[in-house]
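**Q** Would you be able to build a 3D model of this:
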Amino acid sequence: MDKLQAMQVFTRVVETNSFSRAADSLGMPKGSVTRHVKELEAFLDARLLNRTTRSLSLTSAGAAYYERCARILAEIDEAEASFTDAPRSPKGKLRVDMSGSIGRLIVVQALDEFHAKYPDIELTLGFGDRLVDLVQEGVDCALRIGHLEDSTLVARRIGLFHLVTAASPGYLERFGTPAALDDLQDHMAVNYFSSRTGRMVNMNFEAGGETVNIKVPSRLAANDGEAYLLCGMKGLGLIQISRVLAQPHLDRGELVEVLAPWRPAPMPISAVFPQNRHLSPQVRVFVDWVAEVFARCAAVRGDMPAPAAVAAPQGRPARIPVVA
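**A** Numbers count the residues shown, from 1 in each chain. Next up is the predicted model:
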């Protein structure tokens, strides 16, 4: 038995919570993965995994052994790198999950650069607003918007997600331009509802250091960013959308920003990965690269000029912003 390979297989089974997903990520047959784990358990004379037809979990011995394996494998990677005259190009499979708008408009636009720099990395990209379980679904890294609540993840901030309130020129000609937050009750909005939670997301604004949520009258709602944007461009109501999606249409005059002094507070964009997974070279170079890409994109940088501070409207309580 190759003990080092068996340790690598065992840690990947734990990290993906699946023999099949571990086999796919390692590029070997499922039977070989199963055999490695069984041989390792026989060699250690200890059961490492509890297996049923529907679930997979670590035993207490398995949990302790996994922590040691992850540390040893990480130290081996570092030791090998320190004795290499020239840095080796990372190679292997890498699965990354991210929101559709960020993926299509920022990451994919620069992928030729990534592949030219790291030709031996086989990259699998997942797009969507669903909150994936990185460990359960075998995702190596994810780009997430908003404040993170999962303490099992390690996060590196790579940018800021800016929202802009906008409308089409045709809508503003018909209904006028709102000059203050109180004017919103005389306007119509296209509502956005989260495909993940099903909840309607009210517009939110920063005023006087407070976050204000306002329910604007509406007869239309959408849960897809592209469709939501198109509704706004068609003059069906005010929209509050990411600057990443809106900026090309603002530049062409197809949308006009309104209520700029009350822009919503930006939300962090983070690259995250499980804290109990040793950081592979593929994840490390991808996170470094995507941070550079975001630093070049004005729509997600942190240096956007702040609008002038304006007091919160009287009689409106400050509430926590709703994150879609």
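**Q** all contacts plus neighbour counts: C-alpha atoms, from now on.
**A** Fine.
**Q** Run through the helices of the chain in chain order.
**A** 3-16, 19-26, 30-44, 60-82, 100-102, 111-117, 169-175, 225-233, 243-251, 281-295 (DSSP state H).
**Q** To K91, which of these lies closest?
**A** Closest to K91 of the helices of the chain is helix 281-295 (C-alpha to C-alpha; 6.8 Å).
**Q** how about the closest one: buried residues?
**A** Across helix 281-295, burial judged by 16 or more other C-alpha atoms under 10 Å covers P281, Q282, V283, V285, F286, V287, W289, V290, A291, V293, F294, A295.
**Q** which other helices and strands contact it?
**A** In terms of contacts (3 or more C-alpha pairs under 8 Å, 6 or more residues apart in numbering; DSSP states H and E), helix 281-295 is packed against strand 92-98, strand 153-161.
**Q** Now do it against strand 92-98, angle only.
**A** Angle between the axes of helix 281-295 and strand 92-98 is 40 degrees (criterion: axes from the mean of the first three to the mean of the last three C-alpha atoms, to 10 degrees).
**Q** Would you confirm that L163 contacts W262?
**A** No - counting by C-alpha atoms under 8 Å, L163 sits too far from W262 to count as a contact (10.7 Å).
**Q** domain parsing for the chain?
**A** Annotated domains of the chain cover 3-82, 90-324 [automatic domain parsing].
**Q** would JSON lines of the helices of the chain with mean pLDDT and distance to I214 be doable?
**A** Below are the helices of the chain laid out as JSON lines (pLDDT from 0 to 100; distance: least, C-alpha to C-alpha, whole Å):
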{"stretch": "helix 3-16", "mean pLDDT": "89", "distance to I214": "42"}
{"stretch": "helix 19-26", "mean pLDDT": "88", "distance to I214": "44"}
{"stretch": "helix 30-44", "mean pLDDT": "93", "distance to I214": "53"}
{"stretch": "helix 60-82", "mean pLDDT": "81", "distance to I214": "48"}
{"stretch": "helix 100-102", "mean pLDDT": "87", "distance to I214": "25"}
{"stretch": "helix 111-117", "mean pLDDT": "94", "distance to I214": "39"}
{"stretch": "helix 169-175", "mean pLDDT": "96", "distance to I214": "19"}
{"stretch": "helix 225-233", "mean pLDDT": "93", "distance to I214": "18"}
{"stretch": "helix 243-251", "mean pLDDT": "93", "distance to I214": "20"}
{"stretch": "helix 281-295", "mean pLDDT": "92", "distance to I214": "30"}
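**Q** Turn these into TSV, columns for distance to G92.
**A** As requested, these are exported to TSV (distance: least, C-alpha to C-alpha, whole Å):
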stretch	distance to G92
helix 3-16	13
helix 19-26	8
helix 30-44	17
helix 60-82	14
helix 100-102	24
helix 111-117	13
helix 169-175	49
helix 225-233	33
helix 243-251	31
helix 281-295	7
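**Q** what's the closest of these to P266?
**A** Among the helices of the chain, the nearest to P266 by C-alpha to C-alpha is helix 243-251 (10.4 Å).
**Q** helices and strands around the closest one, which ones?
**A** Using 3+ C-alpha pairs under 8 Å, 6+ apart, the elements in contact with helix 243-251 are helix 100-102, strand 163-167.
**Q** Point out the most buried one among those.
**A** Ranked by mean neighbour count under mean count of other C-alpha atoms under 10 Å, the helices and strands packed on helix 243-251 are led by strand 163-167, which reaches a mean of 25.
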